[in-house]
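K.L.:
I'll drop the sequence and a predicted model, then ask my questions.
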Amino acid sequence: SVSIDFSGDTRILTVSNQKGGVGKTTSAVNVASALAGLGAKVLVIDLDPQGNASTALGVPHNADTQSIYDVLIEELPLAEIVQQSPEDENLFCAPSTIHLAGAEIELVSQVAREHRLRSALGEYLDAHPMDFVIIDCPPSLGLLTINAFTAANEVFIPIQCEYYALEGLSQLLGSIQMIQKHLNPGLHLSTILLTMFDGRTRLAQQVADEVRTHFPDQVLDTVIPRSVRVSEAPSFGQTVIAYDGQSAGAVAYREAAVEIASRTATQSKEK
Ligand code: ADP
Ligand code: MG
């Protein structure tokens with residue numbers, strides 16, 4: 001069994017990659033659930049209008065649900081929208097609804113448009129201490145993702161081991177540098193997770209080797225295998241941790257969570 005000290009400051013990780021379908025949402029909810037299983041208090045912020053993270057955490061998010069949209073645009077306190085996931089008493093979700101699709105454009109004309117999430121989260125955490133906040137970003141580098149980068153201290157990039165993985169990565173790294181310079185000097189790339197790995201293909205192995213060569217300190221040792229159980233779980237409103245805790249995907253996500261938790265915020269800052 002694993003004993004991990006969660007007594008430090010809240011670690012705020014934004015799960016980002018402007019490519020769609022690389023495992024951002026899957027990694028956000030499964031790492032979050034696994035961390036909660038280790039005893040950490042975890043808040044997932046669903047920043048994607050598709051609401052897939054809210055679905056996977058079993059949290060209602062129909063058009064009438066008060067959501068992260070109301071927080072960003074109407075300045076509703078985050079505490080009014082956060083729901084507990086039925087999966088774990090330590091696991092919480094700030095849901096997204098379809099209204100968030102308009103936020104990208106509505107934010108443009110707002111005051112302090114890049115800082116909306118950071119302000120809301122700061123106020124929330126003062127009254128509701130969390131060990132981890134995990135932000136699930138949409139597949140773009142627009143104002144929603146910029147809000148996530150501004151609110152976070154760590155960037156977590158999932159990389160799919162199938163297509164040319166490093167494509168688009170330099171643009172993402174450039175965005176992170178720009179945020180560090182202008183909005184959030186504390187932001188750093190702490191974690192890269194290789195997802196949907198199929199060890200039988202040479203391409204997957206090549207992709208993994210290439211990413212490890214470029215980012216030796218950030219890539220987790222754990223690799224997430226491609227697994228049908230992982231892709232089935234959301235249709236039951238569950239993470240794979242709850243849906244099939246003994247499956248290879250669940251085991252891998254729990255190992256990834258232990259690795260993430262074992263790196264203290266300070267350690268990952270030194271890298
Ligand atoms: P993103 O949030 O980056 O768009 P998702 O997490 O939604 O990506 O994943 C894209 C698709 O791939 C989803 O249908 C998801 O269920 C599936 N998927 C993600 N990880 C795995 C995995 N390890 N094995 C099998 N399918 C996966
Ligand atoms: Mg997603």
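P.N.:
That came in fine, so what should we check first? Ligands and ions are numbered 1, 2, ... in the order given.
K.L.:
helices of the stretch 151-271 of the chain, start to end?
P.N.:
Counting by DSSP state H, counting those that start in this stretch, the segments of the stretch 151-271 of the chain that form helices are 169-182, 202-214, 228-232, 240-243, 248-262, 265-270.
K.L.:
and what of the stretch 1-150 of the chain?
P.N.:
Assignment of helices within the stretch 1-150 of the chain using DSSP H, counting those that start in this stretch yields the ranges 24-37, 52-56, 68-74, 100-106, 116-127, 143-151.
K.L.:
to Glu259, which of those lies closest?
P.N.:
Judged by CB to CB, the one of the helices of the stretch 1-150 of the chain that comes nearest to Glu259 is helix 24-37, at 9.8 Å. C-beta: built from backbone N, CA, C; applies to glycine.
K.L.:
could I get the CA-only coordinates of the closest one as CSV?
P.N.:
Included here for helix 24-37 are C-alpha records, laid out as CSV according to Å, rounded to 0.1, in the frame of the first residue of the first chain:
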residue,chain,number,x,y,z
LYS,A,24,-7.1,14.7,-22.0
THR,A,25,-10.5,14.1,-20.4
THR,A,26,-9.8,10.4,-19.8
SER,A,27,-6.6,11.2,-18.0
ALA,A,28,-8.1,14.2,-16.0
VAL,A,29,-11.0,12.1,-14.6
ASN,A,30,-9.1,8.9,-14.0
VAL,A,31,-6.1,10.5,-12.4
ALA,A,32,-8.5,12.6,-10.3
SER,A,33,-10.4,9.5,-9.2
ALA,A,34,-7.2,7.6,-8.4
LEU,A,35,-5.9,10.5,-6.3
ALA,A,36,-9.1,10.7,-4.4
GLY,A,37,-8.8,6.9,-3.8
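K.L.:
before we move on, back to that, lowest mean pLDDT across the helices of the stretch 151-271 of the chain, which one is that?
P.N.:
Between the helices of the stretch 151-271 of the chain, the one with the least mean pLDDT is helix 265-270; it has a mean of 52.
K.L.:
re earlier: quickly compare the helices of the stretch 151-271 of the chain and say which is most buried.
P.N.:
Ranked by average neighbour count under the criterion mean count of other CB atoms under 10 Å, the helices of the stretch 151-271 of the chain are headed by helix 240-243 at a mean of 25.
K.L.:
tell me the contacts of the residue nearest to Gln66 when sequence neighbours are not counted?
P.N.:
Distances taken as CB to CB, 6 or more residues apart in numbering put Ile81 closest to Gln66, at 4.8 Å, once the chain neighbours are dropped. Neighbour list for Ile81: Thr65, Gln66, Ser67, Ile68, Asp70, Val71, Ala94, Pro95 [criterion: CB atoms under 8 Å, 6 or more residues apart in numbering].
K.L.:
6 Å instead, please
P.N.:
When contacts are counted by CB atoms under 6 Å, 6 or more residues apart in numbering, Ile81 is found next to Gln66, Ser67, Ala94.
K.L.:
run a quick neighbour tally on the closest residue to ligand 1 within the stretch 51-200 of the chain.
P.N.:
Per CB to the nearest ligand atom, the residue of the stretch 51-200 of the chain with the smallest distance to ligand 1 is Met196, at 4.6 Å. Taking other CB atoms under 10 Å as the neighbour definition, Met196 ends up with a count of 23.
K.L.:
Pro77 is in contact with Val71, correct?
P.N.:
No - applying CB atoms under 6 Å, one finds Val71 not in contact with Pro77, separated by 7.4 Å.
K.L.:
how far does the top strand by length along the chain sit from the chain's center?
P.N.:
The single longest strand within the chain, with elements called by DSSP state E, is strand 188-197. On the basis of CA atoms, centre = their mean, to the nearest Å, strand 188-197 sits 11 Å off its chain's mean C-alpha point.
K.L.:
ok, residues contacting it?
P.N.:
23, 27, 154-161, 204, 208, 215, 218-220, 223-226, 256, 268.
K.L.:
ok, stretch 97-107 next?
P.N.:
Pro49, His61, Ala63, Thr65, Ser67, Tyr69, Leu72, Ile73, Arg113, Gly142, Leu143, Leu144.
K.L.:
sounds good, over and out.
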